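1. 3D, please:
(chains A and B)
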Amino acid sequence: MKSQITSVKQAYLLPAGSEITLRGWVRSRRDSKDITFIELNDGSRFRSMQLVVESGLVPDETLREITTGSSIAASGALQPVELKVAEVHVYGTADPAAYPLQKKGHSFEFLREIAHLRVRSNTFGAAFRVRNALSHAVHTFFQERDFIYVQTPIITTSDCEGAGAMFNVTSLNLKNIPRTPAGDIDWQQDFFTRPAYLTVSGQLEAETFALAFTKVYTFGPTFRAENSNTPRHLAEFWMIEPEMAFYDLEDNMRLAEEFLKFTIRHALENSREDLEFFNQRVEKTVLSTLEHVAESTFAHLSYTDAIKALQDARKTWEFPPEWGHDLQTEHERFLSEEIFKKPVIVTDYPKDIKPFYMRVNDDSRTVRAMDVLVPRVGEIIGGSQREERADVVVQRLRETGLDEKAYWWYLDLRRFGSVPHSGFGLGLERMMMYLTGLKNIRDVIPFPRTPGNADF
RNA sequence: UCCCCGGUAGCUCAGCCGGUAGAGCAGGUGGCUGUUAACCACUUGGUCGGGGGUUCGAGUCCCUCCCGGGGAGCCA
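-> Residues are numbered from 1 along each chain as shown, chains lettered A, B, ... in the order given. This is a model prediction of the structure:
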């Protein structure tokens, strides 16, 4: 009798009586005198499969090895909701006294310290299946709309946009750094003959592709060397950056809204079981919020109107809202959580608090920027219409104190066939927090990198 | 980086005005039952985050460093 090797996910689709072999890791085990129940999980879906072992069928010494965390193969006949085991093979044991995962719930803080094992838990199994589904949805969304996927460089030499501190990339011997006669670091002797960094954004490079392929997107890792210690920040995270020629800010906002709704609907349809777990155990508003947002229309208002609304609100602020200052976290949350109770897009920020590449409005005080704020998570998308006028970009570079020579190729885009264009950046992990209700960004990325933490 | 809170058994925590360390769960042993965060009985297990100080005596008070969490800034 030959049995078919299947995943737990597939097994639930097979008829009773099917002879199958399952392989995976033991979640828990319960013993009776003449019968043993084993929960087997292989990560293929949230549910485990219950294995029933009647006494005498499996040697005692084998049964003894089957403890929480051990890896086994089990063959037998499927019957409703479980597998009646005829034969078991143990691949690897897991000493119960040493195996850190118990049947009981653990704190996220503890599980973070065992990131190599936490993926075997309910929460993190669900989280990373959702992350997989979300990544798939990202590509599906853009590919269905004829966007070209572009891999922008991880290593960059453009001393970028002032978008936060950067990690240096060097092959110099740090114990013996070459110096110029003046005593400065002699970058000529470094690998790239100039300072190099890990990218903080693929946007500038993506713009070059957008001005050839019309619609493009990036999806890759980005790095920030900021000493940020919050549940919303990572030193290494994944960002999705679409960039579209011939799109103005309205087109850009429409796409952002469509994108969020598409990925939410995709998750609701394809990750239902995992999301139901989050809804039950992590954040009981996740499902209702997602379903609500998938059907709602995002609120829109200008930065200037937002400031007014915040000033009119009967609320005492730690930082009173004031035109010209960036919105504080408390302001953003109030807009999305209290005033609108749904995603809000704030546009047209003062130019002095935004980067050089954003298109300057006719009032010459504001730029065509947009931030999408969602309840619970805050800023999930930041984007803008790009400044396509060569003279204005140059002026903005000078105003911000950047070296226009370093941006010669970026300025070329404005000299040769320039067009209006727009784009935005979306943090994959922020989206994950929104989908799962998990409150710490370190719990939605496999191996989080934060100040002082790069284990695993 | 700043401001709060915390660090005691493998995990989650209690430990009062300083007097010499405890519970639940997990683990082990036995029992019982088609069990499902199983149940019942017994039981192993601790440099009280590190260092320094005060004191007859410090888990407890003081200083300092490290680590974790929350808030703020930076942003996605």
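
2. switch to C-alpha atoms for all contacts and neighbour counts from now on
-> OK.

3. from what I see, residue A:236 and residue A:445 are in contact.
-> No. Counting by Cα atoms under 8 Å, residue A:236 does not reach residue A:445; the two are 9.5 Å apart.

4. mind listing the helices for the stretch 201-350 of chain A?
-> Ranges of helices within the stretch 201-350 of chain A are A:203-213, A:249-270, A:272-281, A:286-295, A:303-312, A:329-333, based on DSSP state H, counting those that start in this stretch.

5. nearest to residue A:132, out of those helices?
-> helix A:249-270 (10.2 Å; Cα to Cα).

6. next, the angle helix A:286-295 makes with that closest one.
-> 140 degrees (axes from the mean of the first three to the mean of the last three Cα atoms, to 10 degrees).

7. mind listing what's buried in helix A:249-270?
-> A:249, A:252-253, A:255-257, A:259-268 (16 or more other Cα atoms under 10 Å).

8. likewise for stretch A:287-301?
-> Neighbour-count burial for stretch A:287-301 [16+ other Cα under 10 Å]: A:287, A:290, A:293, A:294, A:298, A:299, A:300.

9. let me know the closest of these to residue A:387.
-> Once Cα to Cα is applied, the member of those that ends up nearest residue A:387 is residue A:300, at 21.7 Å.

10. in CSV: the helices of the stretch 201-350 of chain A, plus mean pLDDT.
-> CSV is the format used below for the helices of the stretch 201-350 of chain A (pLDDT from 0 to 100):
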stretch, mean pLDDT
helix A:203-213, 96
helix A:249-270, 97
helix A:272-281, 94
helix A:286-295, 93
helix A:303-312, 94
helix A:329-333, 92
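
11. any idea how far the closest residue to residue A:223 other than its chain neighbours is from RNA strand B?
-> Excluding its sequence neighbours, the residue lying closest to residue A:223 (Cα to Cα, 6 or more residues apart in numbering) is residue A:236, at 4.6 Å. Counting by Cα to the nearest atom of the strand, to the nearest Å, the gap from residue A:236 to RNA strand B is 7 Å.

12. run a quick neighbour tally on residue A:284.
-> Residues contacting residue A:284 under the criterion other Cα atoms under 10 Å number 14.

13. so it makes contact with residue A:278?
-> Yes. Using Cα under 8 Å, residue A:284 is in contact with residue A:278, at 7.4 Å.

14. nearest to residue A:167 among the buried residues of helix A:249-270?
-> residue A:256 (29.2 Å).

15. how about the closest one, what does it touch?
-> For residue A:256, the contacting residues are A:381, A:424, by Cα atoms under 8 Å, 6 or more residues apart in numbering.

16. so who does the closest residue to residue A:325 other than its chain neighbours touch?
-> Among residues not flanking residue A:325 along the chain, residue A:353 sits closest, at 7.4 Å (Cα to Cα, 6+ apart). By Cα under 8 Å, 6+ apart, the residues touching residue A:353 are A:324, A:325, A:326.

17. so what's the last one closest to, chain neighbours aside?
-> Translated: residue A:326. Nearest non-adjacent residue to residue A:326, counting by Cα to Cα, 6+ apart: residue A:353, 6.7 Å away.

18. distance of that neighbour relative to RNA strand B?
-> For residue A:353, the distance to RNA strand B - Cα to the nearest atom of the strand - is 7 Å.

19. pLDDT weak spots in chain A?
-> A:1-2, A:159-164 (pLDDT under 70).

20. phi, psi for residue A:119 please.
-> Dihedral angles of residue A:119 (phi, psi; degrees, to the nearest 10) stand at phi -60, psi -10.

21. residues contacting the residue nearest to it when sequence neighbours are not counted?
-> Distances taken as Cα to Cα, 6+ apart place residue A:125 nearest to residue A:119, at 5.2 Å, with adjacent residues excluded. Residue A:125 is in contact with A:43, A:46, A:119, counting by Cα under 8 Å, 6+ apart.

22. hmm, residue A:248 is touching residue A:421, no?
-> Yes. Counting by Cα under 8 Å, residue A:248 does reach residue A:421; the two are 6.1 Å apart.

23. which of the two has more neighbours?
-> Shown here are residue A:248 and residue A:421; by other Cα under 10 Å, residue A:421 has more neighbours (25 against 18).

24. run through the residues of the stretch 301-450 of chain A sitting next to RNA strand B.
-> Residues of the stretch 301-450 of chain A found near RNA strand B (Cα under 7 Å from any atom of the strand) are A:326, A:328-330, A:378-382, A:425-427, A:429-430, A:439-440.

25. in strands, which of the residues you listed appear?
-> A:378, A:379, A:380, A:381, A:382, A:425, A:426, A:427 (DSSP state E).

26. okay, among the residues you listed, which ones form the most distant pair?
-> Maximum distance among these (Cα to Cα): 14.1 Å, for A:378 and A:425.

27. what helix or strand does residue A:432 sit in?
-> Assigned by DSSP states H and E, residue A:432 belongs to helix A:428-436.

28. only the buried residues of that helix, if you could.
-> For helix A:428-436, by 16+ other Cα under 10 Å, it's A:428, A:429, A:430, A:431, A:432, A:433, A:434, A:435, A:436.
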